[in-house]
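Colleague: Sequence first, then the predicted structure:
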Amino acid sequence: MWREFKLIDLFNYTRGTRLTKENRIKGSIPLVTAGESNQGVKGFISNENQQVFSHAITIDMFCNSFVHVRKFCCDDNILVLTPKQEMSKYHLMFISVLIAQSKTKYNYGKQYRINSLEKHRIPLPTHKDGTIAYDLMENFIKVLEKQHIERVKALWDQKLNAYDKARLNGVKMRGGYNGSKNFKGLPMTLQENNASTTMGGGGGG
């Protein structure tokens, strides 16, 4: 059974602090701003006036939604949702995906802001007693995560086997093989999958 819930009933929320590019001080804390790539992270800063968050969902002005487990900062184009009760990263991931399903409604002319958040409802699975089925949500995400890891591993094996076969057949890669030095000689798709697995698990975390 599924039931709709208001996001503001599940999360405390706040807006990030305005920070122009000119005022960013380089550092080690991820800065989240509007955008789909790299889970919204546009750089790393050390500005002391920026509030630091962790274990939260971010929503930008276009309703792009991401989970950030580790510490991060954000600008004023970002809304930060922190759970009112204990939630695992898997619960946050499940909810974040549902939030992002509304992104087709928003653009530069109609942006996702606090009033949008306060009206936003999402469907969640529930138990017979009406409580949210957090166990089902977590298990669902874990299954998807396992399937993704298995697909990436299979691709690694496929590419590495092809590479080994080429070496055995006397086909030399540019510059010869020399461990990590020649990692860039591997097929681009292999590098991209390596990068994606490194970023996996929820931004900033």
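Modeller: All right, it came through fine.

Colleague: Please count neighbours and contacts with C-alpha atoms only from this point.
Modeller: Noted.

Colleague: give me the low-pLDDT residue ranges for the chain?
Modeller: 163-165, 167-205 (pLDDT under 70).

Colleague: what about T33, how many neighbours?
Modeller: Each residue near T33 was counted by other Cα atoms under 10 Å, and the total is 24.

Colleague: what do you get for F62?
Modeller: Around F62 there are 24 residues (other Cα under 10 Å).

Colleague: again, but for M61
Modeller: If we define neighbours as other Cα under 10 Å, then M61 has 23 of them.

Colleague: That one and D76 touch, don't they?
Modeller: No: in this structure, M61 is not within contact of D76 by Cα atoms under 8 Å, at 9.3 Å.

Colleague: how far away is the spatially closest residue to V69 that is not a sequence neighbour from S88?
Modeller: With Cα to Cα, 6 or more residues apart in numbering as the criterion, V69 has its nearest non-adjacent residue at 3.9 Å, and that residue is H55. From H55 across to S88, the span is 9 Å (Cα to Cα, to the nearest Å).

Colleague: Looking at these two, which is more packed in?
Modeller: Shown here are H55 and S88; by other Cα under 10 Å, H55 has more neighbours (23 against 12).

Colleague: can you map out the strands along the protein?
Modeller: 2-6, 11-15, 26-32, 41-45, 56-60, 65-68, 73-74, 78-83, 121-125 (DSSP state E).

Colleague: will you turn the ones you listed into TSV that also has mean neighbour count?
Modeller: Conversion of the strands of the chain to TSV gives the following (neighbours: other Cα atoms under 10 Å):
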stretch	mean neighbour count
strand 2-6	13
strand 11-15	16
strand 26-32	18
strand 41-45	17
strand 56-60	28
strand 65-68	28
strand 73-74	26
strand 78-83	24
strand 121-125	16
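
Colleague: Quick check: which of those strands is nearest to Q147?
Modeller: Counting by Cα to Cα, Q147 lies closest to strand 65-68 out of the strands of the chain; the figure is 19.5 Å.

Colleague: nearest to M137, of the strands of the chain?
Modeller: Of all those, strand 121-125 sits nearest to M137, with 7.6 Å by Cα to Cα.

Colleague: contact partners of that closest one?
Modeller: 1-7, 95, 98-99, 132-134, 136-137 (Cα atoms under 8 Å, 6 or more residues apart in numbering).

Colleague: What is the burial count for I99?
Modeller: Using other Cα under 10 Å, I99 has 22 other residues around it.

Colleague: Perfect, I'm done here.
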